[in-house]
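Asks: Quick one, fold the following:
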Amino acid sequence: MFGMDGLAEIFDSLLTIFLFKPLACFSTAPAYRIQSILQTQTLIPNLPTPNYKSAFRCLYDIVKQEGVESLWKGTSASLWKILPEAYLTWFFRTGYEDAELFPSFNQYTDYKKFCAENIAMGGAVGATTQLFLYPLDLIRLRLATDVVKSGTDIRRFLGIKNCFDKLTNKDGIWGVYEGCSVSIFANVLYRGLFFGIYDSGKPFLPKIEGYDWKNREEYNKKRLWLAMASSLVAHFVVYPIDTIRKRMAMQTGGDKVIYQSAFDCARKCIKTEGLRSLYRGSMFKLGNCAFGGWFLYVMDYRNPIDALEKKFVWL
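Replies: Here you go, the predicted model:
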């Protein structure tokens with residue numbers, strides 16, 4: 001029915017959903033928790049140190065107070081998100097393509113427009129998917145930043161359901177969407193910078209003439225560095241927005257509204273803690289930058305030579 005190629009594609013997708021994504025989520029959970037604590041530390045009660053200057057100090061205190069296993073707190077919310085996220089991404093992308101909401105461009109004759117269309121499509125799919133799954137992101141953040149009081153095992157939230165019930169009972173269903181608009185904006189901005197910088201820089205790379213393998217090796221090496229730079233710049237620009245989103249999400253279920261808007265949050269953070277506060281924990285993103293750049297390098301298999309023959313190859 002599907003053919004061998006279709007079955008191989010289905011198997012690859014299932015392997016990614018049920019094996020690689022859970023492994024990636026589980027392996028990066030400790031970094032996510034320490035990073036989130038650093039970003040929102042002024043809003044977290046019971047912290048051993050009220051103002052961390054070092055990620056290593058934060059890691060040491062959390063492990064000492066709660067144990068090593070606590071570094072994976074909140075991971076279950078991300079695991080529950082994997083399957084519906086994969087389905088909704090496929091559903092919305094297919095729906096947008098069928099509805100022809102975005103113009104279609106030829107990848108050989110209109111490559112820049114083709115890339116722009118992919119960025120717009122990806123941003124729209126990511127935004128609509130987040131509208132359904134953002135509460136799980138917020139719950140993961142609140143579980144990850146739920147620090148026990150010294151000498152006790154008392155936490156504010158006992159799990160996903162308990163967290164959801166407490167937040168919605170206090171602020172209603174819209175409470176678990178606090179910071180959603182900021183998250184969508186960050187997602188679209190990141191995609192635009194990540195792919196836009198890369199595509200804009202490729203014309204300045206060394207030209208490949210014929211099947212000169214020495215020139216091709218030089219081209220690929222510089223293309224890899226360009227992909228890494230694109231990923232680094234995108235993360236550097238978007239990271240403060242992620243900090244603002246998390247700080248706004250932290251006020252859900254609280255006794256008072258601290259930030260009236262994303263701009264108010266940014267202004268207060270910079271005024272009271274300095275611009276550096278928006279970049280706390282950013283060192284944990286360096287691994288993501290490297291992986292994101294490598295992924296873009298590998299996935300960009302549009303070779304200038306083979307494009308003339310209208311074929312796709314892996315470089």
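
Asks: Could you list the low-confidence segments of the stretch 1-150 of the chain?
Replies: Scanning the stretch 1-150 of the chain for pLDDT under 70 picks out 1-17, 106-108.

Asks: Would you map the helices across it?
Replies: 3-15, 21-40, 55-66, 75-99, 111-144 (DSSP state H, counting those that start in this stretch).

Asks: got CSV for those, with distance to residue 169 and mean neighbour count too?
Replies: For glycine as for every other residue, the C-beta is placed from the backbone atoms N, C-alpha and C. Putting the helices of the stretch 1-150 of the chain into CSV (distance: least, Cβ to Cβ, whole Å; neighbours: other Cβ atoms under 10 Å) gives the following:
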stretch, distance to residue 169, mean neighbour count
helix 3-15, 38, 10
helix 21-40, 22, 19
helix 55-66, 26, 16
helix 75-99, 18, 16
helix 111-144, 14, 19
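
Asks: the longest helix in the protein is where?
Replies: The longest helix of the chain (DSSP state H) is helix 213-250.

Asks: which helices and strands does it pack with?
Replies: For helix 213-250, the packing partners by 3 or more Cβ pairs under 8 Å, 6 or more residues apart in numbering; DSSP states H and E come out as helix 21-40, helix 111-144, helix 180-201, helix 262-273, helix 286-299.

Asks: sorry, back to before: could the helices of the stretch 1-150 of the chain be laid out in a markdown table, adding distance to residue 153?
Replies: Putting the helices of the stretch 1-150 of the chain into a markdown table (distance: least, Cβ to Cβ, whole Å) gives the following:
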| stretch | distance to residue 153 |
| --- | --- |
| helix 3-15 | 38 |
| helix 21-40 | 17 |
| helix 55-66 | 9 |
| helix 75-99 | 18 |
| helix 111-144 | 15 |
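
Asks: of those, which approaches residue 164 most closely?
Replies: When the helices of the stretch 1-150 of the chain are compared by Cβ to Cβ, helix 111-144 sits nearest residue 164, at 6.0 Å.

Asks: so how far is the closest one from its chain's centroid?
Replies: Offset of helix 111-144 from its chain centre (Cα atoms, centre = their mean, to the nearest Å): 9 Å.

Asks: do stretch 250-260 as well
Replies: That offset, for stretch 250-260, works out to 24 Å (Cα atoms, centre = their mean).

Asks: one step back: do you know which of the helices of the stretch 1-150 of the chain lies nearest residue 285?
Replies: It's helix 21-40; of these, that one is closest to residue 285 (Cβ to Cβ) at 7.6 Å.

Asks: Who are the contact partners of residue 139?
Replies: Residue 139 makes contact with 74, 77, 160, 163, 164, 167, 176 under the criterion Cβ atoms under 8 Å, 6 or more residues apart in numbering.
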